[in-house]
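> need the 3D shape of this:
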Amino acid sequence: MKLSYHFFKQLLDTVATPEDIGDTLTMLGFELEEIIDHPKGPVLDLCGMANRGDAFSVLGLCRELLSKENYHPTPLMEWMKKTQERSICPPIEQKKIHIDIQTDNCRRYSYRLFSKIPITPTPEWIKNILEQAGLRSISLLVDLTNYVLLETGHPMHAFDYHKLGSDTLIIRSSKDKERFTLLNNEEVECHSEDILITHPDRVLALGGIMGGLDSEVSDHTTSILLEAAHFCPEAIRNTRTRLGISTDSSYRFERWVDPSSTLLAIERFTMLLTDIVGDGNFEIVETGDEYTNPWVSPEIEVDPERCRVLLGMQIENIQMGSIWRSLGCHVIFKEGYFYVTPPSWRKDIIESIDLVEDIGRVYGYDKVPEIPPRTVLTQGGLNPNDFMESEVIDFLVRAGFIQVINHALRADHALDEPQYEKIHIKNPHSPELSKLRSSLLPSLSDTLLKNGGKHARFFETGKVFYIKNETYVETTHFAGIIQGASNIIDWTNPKRNPYHFYHLKGILASLFKTLNIPVRFDLLRDSDERFHPGRSLDIIVKDQVVGRLGQIHPVMLNQGSLDKNTLFFEVKLDPLPDHRLHIRDYKKLSKNPSIKRDIALVGKKNIPYQEIESIVIAEAGELLEDWVLFDRFEGGSLENDQHSLAISLHLRKQGENMDDKEANQIRDNIVTKLKEIDVQLRS
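Residues are numbered from 1 along each chain as shown. From the prediction side, this is the model:
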């Protein structure tokens, strides 16, 4: 936004140079880009803020400057202030012009009808100011509307009264696909959200953006209807965006134009016209004002102590009130609190923090004292979840897995978590990235297939997302997938043994042992269509299911290209740190020899081995150093639903030798207890 230095001097009584004004405005939040050395005088090129529509004018910027020292209002500035304060048009009993506002997008519509205006050229001093702002001179009447726009920030439009064809103006929303021609000779097609200025038979202007060609002011115009209105910023922005037409008027209306300044703009236009053509050389036929929805600024409560805390400066209450009043606010101090009503041109002030910001801007951020920050330092390092995640990654890498990182967005997949609803993205980039993942397994299966689908171990840690009980859940999982052979083929091992279910179970058992988290594995509590029903287990910590492991379900093979021997697991990481044992039990190495006892058992196949193992551990107690299931047999003389299990027990006492009698007694106790679950000693 380019504004002449002499423009500021008309409203401010100051000795400040262009550089001084630029520096002051920059500290107030309106950054000076540069000072242009124009042949007609210095020009300040300033950056406005999108939420400060009032600052896109000389008047708005001078209001800011008056809050600082060394800036005082000129008589013209005082006149503008008083004119705006009393800018209410008295009602007219017999109107010549009838205004009919039929849309909520027009809050106020003011006008003045002029006649018998002599045809007069634009004075050079107005041409110079317009030229310095980047505007070209057109005609006196048009130039005056542009001049008032730059000065007050309020857009205006002049209709050639003799071209209107009617004394009734209707401000309404457009009919769908309604067409008319703009001043720039461009025909536009309007939509229902556009604001139109019309008379009963035709469209005169596109409200807030541009006038129509049929009512354009020419060099021969002597009677005009001067419009100053207030339009809804959102409606103007939508129309401007859709049509791709940006004007000085739309630029300001989008950012909020002061609804109380319509008559000020009209009076300023009239003053300038009088100065140029002379008093009594034209007639004011009528002035009208339709204010259907008056703007009411909110009253905001401000705690002065909180203001001081936020700014870090000890500012007296009386100084706070003085600053707000200098910016045009109405201020009341009552019972330790300020009650501040911002002026109509400051729609950006919504809550107390906005008023605190104004105190900081005007008082000066450069006055914030240099105080070293005070804080409480916490011990560095990872939090428990991150630390455990790093341990999981280290273990799985040592176990031969390759870590992968996949995108959290993806499409539906057969291996998605079946229990929970997936979260949809509102504006997905593509159908393949339309939902947040509810499981890590789909991406791992894709990674496996992209890498040949054979002889691989991949794992991933990351966030998963889903809806549970109408609540959005975000949690961390780790998961892995295995397929192929368990060792590398060479001349010493011509056959590659495939990975099997017990490989995976052993890996996870070792992982939880490394993490020092007691874990057990049990049959699935709930059905899961992703896992083979007879080759899958729940991973249980403190009776809480934290994950699952197993072989892929045969049904899943029909929905992808995975091998039938594919194994995978997925575990919830977030609950694990709470179940970690922070003290490890260590035992002194015994110098005494161990005794080995083998037990051959016969039982039904549907009896879980874990149940047998639990009895062995409980009955042997602390004397059991190790145990191994070293053989399984079925067939022969056994029933079809039976099998034989051979378990080797390693027993040892601490500090003394164990004799055969003690070892045999432990074995017999185990056999006796196993009979309770219908497991017998094989004869």
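> and residue 108, helix, strand or coil?
Per DSSP: H, G, I helix; E, B strand; the rest coil, the local secondary structure of residue 108 is strand.
> thought it was touching residue 232?
No: assessed by CB atoms under 8 Å, residue 108 is found out of contact with residue 232, at 11.2 Å. Where you see a C-beta, it was placed from the backbone N, CA and C, and this is true even at glycine.
> show the average pLDDT along the helix or strand hosting residue 61.
Following DSSP states H and E, one finds residue 61 within helix 58-65. Across helix 58-65, the average pLDDT comes to 96.
> how about residues contacting that helix?
Helix 58-65 is contacted from outside by 3, 7-8, 10-12, 14, 21, 24-25, 28, 30, 46, 52, 54-55, 71, 73, 77, 80, 150-153, 327-328, 345, using CB atoms under 8 Å, 6 or more residues apart in numbering.
> leaving out sequence neighbours, find the closest residue to residue 658.
Leaving out its chain neighbours, the residue that sits closest to residue 658 by CB to CB, 6 or more residues apart in numbering is residue 595, at 5.3 Å.
> so the one you found touches residue 651, yeah?
Yes: with contact defined as CB under 8 Å, residue 595 counts as touching residue 651 (4.9 Å).
> on that earlier part again, which ones among the contacts of helix 58-65 are found in strands?
Counting by DSSP state E, the part of the contacts of helix 58-65 found in strands is 3, 12, 46, 73.
> follow-up on the earlier one: who touches both of residue 595 and residue 651?
Common neighbours of residue 595 and residue 651 (criterion: CB under 8 Å, 6+ apart): 658, 663.
> nearest spatial neighbour of residue 482, chain-adjacent residues omitted?
residue 567 (4.5 Å).
> over to residue 634?
residue 643 (4.1 Å).
> so where's the stretch 301-450 of the chain shaky on pLDDT?
For the stretch 301-450 of the chain, applying pLDDT under 70 flags no range at all.
> 80 instead?
373-381 (pLDDT under 80).
> okay, strands next: where are they in it?
Along the stretch 301-450 of the chain, the stretches classed as strands by DSSP state E, counting those that start in this stretch are 330-334, 337-341, 402-403, 409-410, 423-424, 435-436.
> distance to residue 477 and mean neighbour count added to those, as TSV?
Compiled in TSV, the strands of the stretch 301-450 of the chain are given as follows (distance: least, CB to CB, whole Å; neighbours: other CB atoms under 10 Å):
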stretch	distance to residue 477	mean neighbour count
strand 330-334	57	13
strand 337-341	51	19
strand 402-403	14	14
strand 409-410	15	18
strand 423-424	15	12
strand 435-436	13	20
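> now those strands in TSV, please, with extra columns for distance to residue 509.
Rendered in TSV, the data for the strands of the stretch 301-450 of the chain read as follows (distance: least, CB to CB, whole Å):
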stretch	distance to residue 509
strand 330-334	71
strand 337-341	65
strand 402-403	21
strand 409-410	31
strand 423-424	33
strand 435-436	31
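> residue 466: which of those is closest?
Smallest distance to residue 466 across the strands of the stretch 301-450 of the chain (CB to CB): 6.6 Å, for strand 423-424.
> run the chain-centre distance for that closest one.
With CA atoms, centre = their mean, to the nearest Å as the basis, strand 423-424 stands 16 Å off its chain's centre.
> what does stretch 329-345 give?
On the basis of CA atoms, centre = their mean, stretch 329-345 sits 33 Å off its chain's mean C-alpha point.
> can you check stretch 350-362 too?
The answer for stretch 350-362 is 24 Å, by CA atoms, centre = their mean.
> sketch out the low-pLDDT regions of the protein for me.
Checking the chain against pLDDT under 80 turns up 86-94, 373-381, 453-454, 485-498, 557-561, 582-587, 683.
> hmm, back to that, any idea which of the ones in strands among the contacts of helix 58-65 is closest to residue 416?
For the ones in strands among the contacts of helix 58-65, the nearest to residue 416 is residue 46 (55.3 Å; CB to CB).
> the closest one: how many residues sit nearby?
When neighbours are counted by other CB atoms under 10 Å, residue 46 registers 20.
> the residue nearest to residue 634 sits in which helix or strand?
Counting by DSSP H and E, residue 643 is found in strand 642-651.
> got the CA coordinates for the helix or strand following that strand in PDB?
Next in sequence after strand 642-651, counting helices and strands by DSSP H and E, comes helix 660-674. What follows is helix 660-674, C-alpha atoms only, in PDB (Å, rounded to 0.1, in the frame of the first residue of the first chain):
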ATOM      1  CA  ASP A 660      18.400 -89.700  43.600                       C
ATOM      2  CA  LYS A 661      15.700 -90.100  46.300                       C
ATOM      3  CA  GLU A 662      14.900 -86.300  46.200                       C
ATOM      4  CA  ALA A 663      14.900 -86.100  42.400                       C
ATOM      5  CA  ASN A 664      12.600 -89.100  42.200                       C
ATOM      6  CA  GLN A 665      10.200 -87.600  44.700                       C
ATOM      7  CA  ILE A 666      10.000 -84.400  42.700                       C
ATOM      8  CA  ARG A 667       9.300 -86.400  39.500                       C
ATOM      9  CA  ASP A 668       6.600 -88.500  41.300                       C
ATOM     10  CA  ASN A 669       4.900 -85.300  42.700                       C
ATOM     11  CA  ILE A 670       4.700 -84.000  39.100                       C
ATOM     12  CA  VAL A 671       3.200 -87.200  37.800                       C
ATOM     13  CA  THR A 672       0.600 -87.300  40.600                       C
ATOM     14  CA  LYS A 673      -0.500 -83.700  39.900                       C
ATOM     15  CA  LEU A 674      -0.700 -84.300  36.200                       C
END
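> and the helix or strand residue 467 falls within, what other elements does it pack with?
Per DSSP H and E: residue 467 is located in strand 456-468. Contacts defined by 3 or more CB pairs under 8 Å, 6 or more residues apart in numbering; DSSP states H and E place strand 456-468 against helix 384-398, strand 402-403, strand 423-424, strand 435-436, helix 441-450, strand 471-483.
> what comes up buried for that strand?
Of the residues in strand 456-468, those with enough neighbours to count as buried (16 or more other CB atoms under 10 Å) are 456, 457, 458, 459, 460, 461, 462, 464, 465, 466.
> so who does the second one touch?
What that stands for is residue 457. Residue 457 neighbours (CB under 8 Å, 6+ apart): 399, 400, 401, 402, 480, 481, 482.
> so what touches stretch 189-207?
With contacts defined as CB under 8 Å, 6+ apart, stretch 189-207 is touched by 103, 105-106, 157, 159, 164-166, 168-180, 182, 188, 208, 211-212, 214-215, 227, 229, 231-232, 235-236, 238-239, 242.
> do that again at 7 Å, thanks
Residues outside stretch 189-207 that contact it (CB atoms under 7 Å, 6 or more residues apart in numbering) are 103, 105-106, 157, 159, 164-166, 168-174, 176-180, 182, 208, 211-212, 214-215, 231, 235, 238-239, 242.
> which of these fall within helices?
Taking DSSP state H, the ones among these that sit in helices are 164, 235, 238, 239, 242.
> show the buried residues in the residues you listed.
164, 235, 238, 239.
> pick out whichever of these sits closest to residue 572.
Checking these against residue 572 with CB to CB, the nearest one is residue 238 at 46.9 Å.
> any idea how far the closest residue to that closest one other than its chain neighbours is from residue 414?
Leaving aside its sequence neighbours, residue 238 sits nearest to residue 193 (CB to CB, 6+ apart; 5.5 Å). Distance of residue 193 to residue 414, computed by CB to CB, to the nearest Å: 46 Å.
> so these two - more neighbours on which side?
residue 414 (19 against 16).
> wait, doesn't the more buried one sit right on residue 557?
No: contact between residue 414 and residue 557 fails when scored by CB atoms under 7 Å: they sit 9.9 Å apart.
> that older thread, okay if I get the ones in strands among the contacts of helix 58-65 as JSON lines plus distance to residue 123?
JSON lines is the format used below for the ones in strands among the contacts of helix 58-65 (distance: CB to CB, whole Å):
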{"residue": "3", "distance to residue 123": "18"}
{"residue": "12", "distance to residue 123": "22"}
{"residue": "46", "distance to residue 123": "25"}
{"residue": "73", "distance to residue 123": "24"}
